[in-house]
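S.K.: Sequence first, predicted model second:
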Amino acid sequence: MKKIIFFFISGLLVYSSYGQTPTFTARTTAVKITNLAAINYSTLKLSDISTLYKDEPFKNRFAMLGKLKSRYKLIPLTSTSAKQGVAPNGLRYYIAKDNLQLPANTTGTTTTYGQDQSKNALICKSTPIQIAKQFAGPLFMGMLVSTNDTKVYPGALFRDDDVVKGIFTPINLPRTNGSIVINVLNTTGNVSQPVSNFNDKTVVFNAINDLRTTNANAAALAVHDAETFEVKSADEFAFNMETSANADLTELVGVPLNVGQTIGGGVSMSTEFNMAVATIRNVNYIISMGGEGPQSTISGAIPVNTVCVTDVAYGSVAYLMVFNAKTRAEATVVANTLVDVAEVVGAERNLSAEAKRLLEGGFVKIKIVGGVNATSTATITSIAKLREEMAKMQSTVGGINAMPLYYNLCYASDNASVKIGAFTDFTDTRCFKADKLDVTVLYAKPTAVVDFGDEELYGTINVDSRGVSTTNTQDFWKRGSTAFVAGKANQNISMDNQTITFNLNPALINFDEEIITMGINVKDKIMGGLDPESVGANATDRDRGFAQYSPTSFNTALRDIRDAPNQTLEKTFNVTENGASIQVRVRYKLYF
């Protein structure tokens, strides 16, 4: 991303970097984020946006442009009520002139459970969430349509109570002559073009095309903004992107954004769930209403619920999708890293092992809307491939594939900027693959003895993973017949190893079939001679020199551990022989 430079053309703010085609070089300007609500838009000047706020992200500067009170004729404010409605993309939108009254953000109680998808080692944690916020101002589109197909264009009129429902039915109020302006760099033609009728989309787009044609050799703005979000749900992603109510990002990005849905190639969101999307916007030019503003282009009374599109930013957008990461946080880090290293030659040498794994595994994809092609999709396996694809976000003024990215709205009756926000509730389901199993003997002790106070105990207490780990059987306790221990009633037997850990390979484990076997092969030694136990023993035990406790093994299904609360399962095993008994308490715990 090049250093952002700002210019004024006929009093219009221009944001630009040199060059027609996006080239990705090291950043030279630190990005600042200002609280837009703290700005006094009554005193804000156009020049402030390109000086005081020159290091802000494009969306913030575009929002300032939309809220700037001095850009259009000042008119006494008319009274209107707040509106709300549910849009097809699942969000509830709110719109008003004043600050919005929104529902409170809440986070519910997290529940943890095993999820038997593809018989894998999945543990899922679900948390109900509801979030609401007032947007910065501009609404994101990035629509898969040409500029001539969209109803959202500078000067278009809609009802605010329709907009919040994703309905963009034009209002045909009587219109008067007006103008539009273009923001580009090194212009060689007019920056303003008259419009005879803003109700006629064809007339407006002809005027836009005239401006683009006369400025075809001018440098496009080529302003790049990037944001990265973890993917939890389609609703939440649209919410974070501050999306227009008529934009469906599930369809736009090209992958379902809900846990449990297939995202192609045999990968499902329940198994390859940790996903992040970096959205890179490349703004080529801005078309704005000129003159004294929307109110001046309407003849007669203006309904107070009428809103007008004042500015549209056109360009291209890339969605860089990273999935199958170890965690969502890591997916986000990798997405951010890939965007950064695409800018710096040689930076790929610093890629993390996880980033390299995801690239080599084909778990990074990019979808570009606008630019060289109307749309294009590719799997990214190297930084060179990423740079090649991102170069398709070509910056031109005269090119035909610039898509509407953002737009600003104001109330037509008084040129007052709108305040718009959204609310959504969803269940944040985070799934993890188990990669470690701990088996702990909490205690092992005789609970009944028949040898006048002691049992002469030897043998093994062990665990068999049956293929979960390459080491398989491991011993907690092992004694030969000559090294027996005295077993006293209700006194713990000291273990050699209290906990044994198995490293799991989720790719090889079938949780429906995997069994963990606890072996308790303990014997009571018969001392011979006049030992009371020898006298009372049966012939078989006396001849072999020991009495065998039974049963000698206990099976536990790995899925039972996965499905237990907090993936922790405790079991008690009892073995007996001729009235004597031993109890072993075991805890199984899965980790991720």
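M.R.: The structure has been received and is ready for your questions.

S.K.: Every contact and neighbour count from this point should use C-alpha atoms.
M.R.: Fine.

S.K.: Show me the strands in the stretch 251-400 of the chain, by range?
M.R.: For the stretch 251-400 of the chain, the strands defined by DSSP state E, counting those that start in this stretch cover 276-289, 306-322, 364-369, 375-379.

S.K.: right, and Ala483 touches Glu456 too?
M.R.: No - using C-alpha atoms under 8 Å, Ala483 makes no contact with Glu456, being 9.3 Å away.

S.K.: Leaving out chain neighbours, which residue sits closest to Ala163?
M.R.: Careful, residue 163 is Val; it's not Ala. Counting by C-alpha to C-alpha, 6 or more residues apart in numbering, the nearest residue to Val163 once its immediate chain neighbours are dropped is Ala245, at 6.9 Å.

S.K.: quick one, what contacts the one you found?
M.R.: Shown in contact with Ala245 (C-alpha atoms under 8 Å, 6 or more residues apart in numbering): Ala87, Pro88, Asn89, Leu91, Tyr93, Val163, Val164, Lys165, Gly166, Ile167.

S.K.: hang on, the fifth one packs against Thr424?
M.R.: No - here Tyr93 lies out of contact with Thr424, judged by C-alpha under 8 Å, at a distance of 9.0 Å.

S.K.: Tell me how the chain divides into domains.
M.R.: When the chain is parsed with automatic domain parsing, its domains come out as 5-432, 436-591.

S.K.: So Ile561 lies in a helix, does it not?
M.R.: Yes - membership of Ile561 in a helix is supported by DSSP: H, G, I helix; E, B strand; the rest coil.

S.K.: Which one of the contacts of Ala245 is nearest to Ala342?
M.R.: The shortest gap between Ala342 and any of the contacts of Ala245 belongs to Asn89, at 31.7 Å (C-alpha to C-alpha).

S.K.: helix or strand for that closest one, which one?
M.R.: Secondary structure here is read from DSSP states H and E; on that basis Asn89 sits in neither a helix nor a strand.

S.K.: Wait, Lys165 touches Lys83, no?
M.R.: No - proximity of Lys165 to Lys83 does not meet the contact threshold set by C-alpha under 8 Å, at 9.9 Å.

S.K.: Neighbour count: those two, which is higher?
M.R.: Using other C-alpha atoms under 10 Å as the criterion, Lys165 and Lys83 rank with Lys165 on top: 22 against 18.

S.K.: Would you enumerate the residues in contact with that one?
M.R.: Residues in contact with Lys165, defined by C-alpha under 8 Å, 6+ apart, are Gln84, Gly85, Val86, Ala87, Pro88, Arg92, Tyr93, Ala245.

S.K.: make it 7 Å
M.R.: Neighbouring residues of Lys165 by C-alpha atoms under 7 Å, 6 or more residues apart in numbering: Gly85, Val86, Ala87, Ala245.

S.K.: Next one: the nearest residue to it once chain neighbours are set aside from Thr202, what distance?
M.R.: Once flanking residues are discounted, Lys165 sits nearest to Ala87: 4.2 Å by C-alpha to C-alpha, 6+ apart. Applying C-alpha to C-alpha, to the nearest Å, the value for Ala87 to Thr202 is 27 Å.

S.K.: More neighbours: those two, which one.
M.R.: Shown here are Ala87 and Thr202; by other C-alpha under 10 Å, Ala87 has more neighbours (20 against 12).

S.K.: pretty sure that one is touching Val163, no?
M.R.: No - checked against C-alpha atoms under 7 Å, the pair Ala87 and Val163 is beyond contact range at 8.6 Å.

S.K.: Do you have the helices of the stretch 1-150 of the chain handy? List them.
M.R.: Ranges of helices in the stretch 1-150 of the chain, per DSSP state H, counting those that start in this stretch, are 46-50, 58-67.

S.K.: Return the distance of the last one from the chain's centre.
M.R.: So that's helix 58-67. Relative to its chain's centre, helix 58-67 lies at 25 Å (C-alpha atoms, centre = their mean, to the nearest Å).

S.K.: now what about that helix, what contacts it?
M.R.: By C-alpha under 7 Å, 6+ apart, the surrounding residues in contact with helix 58-67 are Tyr41, Ile49, Ala136, Gly137, Pro138, Asp225, Asn408, Ser417.

S.K.: Tell me how many other residues surround the closest residue to Ile49 other than its chain neighbours.
M.R.: Distance criterion C-alpha to C-alpha, 6+ apart; nearest residue to Ile49, sequence neighbours excluded, is Arg61 at 6.4 Å. Arg61 sits with 22 neighbouring residues when counted by other C-alpha under 10 Å.

S.K.: Isn't Met289 up against Gly155?
M.R.: Yes - with contact defined as C-alpha under 7 Å, Met289 counts as touching Gly155 (6.4 Å).

S.K.: Neighbour count for these two, which is higher?
M.R.: Remark: of Met289 and Gly155, Gly155 carries more neighbours, 31 against 26, as counted by other C-alpha under 10 Å.

S.K.: Just send the contacts of Lys165 back as TSV, with distance to Ile520 and pLDDT too.
M.R.: As requested, those are exported to TSV (distance: C-alpha to C-alpha, whole Å; pLDDT from 0 to 100):
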residue	distance to Ile520	pLDDT
Gly85	65	97
Val86	62	96
Ala87	62	93
Ala245	64	91
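
S.K.: Can you point out the helix or strand that includes Asp225?
M.R.: Remark: Asp225 resides in strand 223-230, with elements defined by DSSP H and E.

S.K.: Show me what that strand pairs with in its sheet, parallel or antiparallel.
M.R.: Using DSSP bridges, the strands paired with strand 223-230 are strand 276-289 (antiparallel).

S.K.: Tell me the gap between the strand it pairs with and the middle of its chain.
M.R.: Its chain's C-alpha centre and that of strand 276-289 lie 20 Å apart, by C-alpha atoms, centre = their mean.

S.K.: One more: stretch 368-383?
M.R.: Stretch 368-383 has its C-alpha centroid displaced from the chain centroid by 20 Å (C-alpha atoms, centre = their mean).

S.K.: And for that stretch, what's in contact with it?
M.R.: Taking C-alpha under 7 Å, 6+ apart as the criterion, the residues outside stretch 368-383 that touch it are 144, 315-319, 342, 348, 359-360, 362, 364-367, 386, 392-395, 401-403.

S.K.: quick one: pLDDT of Ile167?
M.R.: The predicted local confidence for Ile167 comes out at a pLDDT of 93.

S.K.: surely Ile182 meets Val191?
M.R.: Yes - under the contact definition of C-alpha under 7 Å, Ile182 touches Val191, with a separation of 5.2 Å.

S.K.: who has more neighbours, Ala483 and Glu456?
M.R.: Set side by side, Ala483 and Glu456 give different neighbour counts by other C-alpha under 10 Å, the larger being at Glu456 (19 against 12).

S.K.: So which elements touch the host helix or strand of that one?
M.R.: In the assignment (DSSP H and E), Glu456 maps to strand 455-464. Under the contact definition 3 or more C-alpha pairs under 7 Å, 6 or more residues apart in numbering; DSSP states H and E, strand 455-464 sits against strand 474-479, strand 485-487, strand 515-525.

S.K.: what about 10 Å?
M.R.: Contacting strand 455-464 under the criterion 3 or more C-alpha pairs under 10 Å, 6 or more residues apart in numbering; DSSP states H and E are the following elements: strand 436-448, strand 474-479, strand 485-487, strand 515-525, strand 546-548, strand 553-557.

S.K.: Pull out the buried residues from the fourth one.
M.R.: If you call a residue buried by 16 or more other C-alpha atoms under 10 Å, then strand 515-525 has these buried ones: Ile515, Ile516, Thr517, Met518, Gly519, Ile520, Asn521, Val522, Lys523, Asp524, Lys525.

S.K.: Could you count how many residues lie near Thr169?
M.R.: 14.

S.K.: Please identify which of Ile182 and Val191 sits among more neighbours.
M.R.: Neighbours of Ile182 and Val191, each counted by other C-alpha under 10 Å, are more numerous for Ile182; the result is 28 against 19.

S.K.: Surely the more buried one touches Thr213?
M.R.: No - judged on C-alpha atoms under 10 Å, Ile182 makes no contact with Thr213 at a distance of 11.3 Å.
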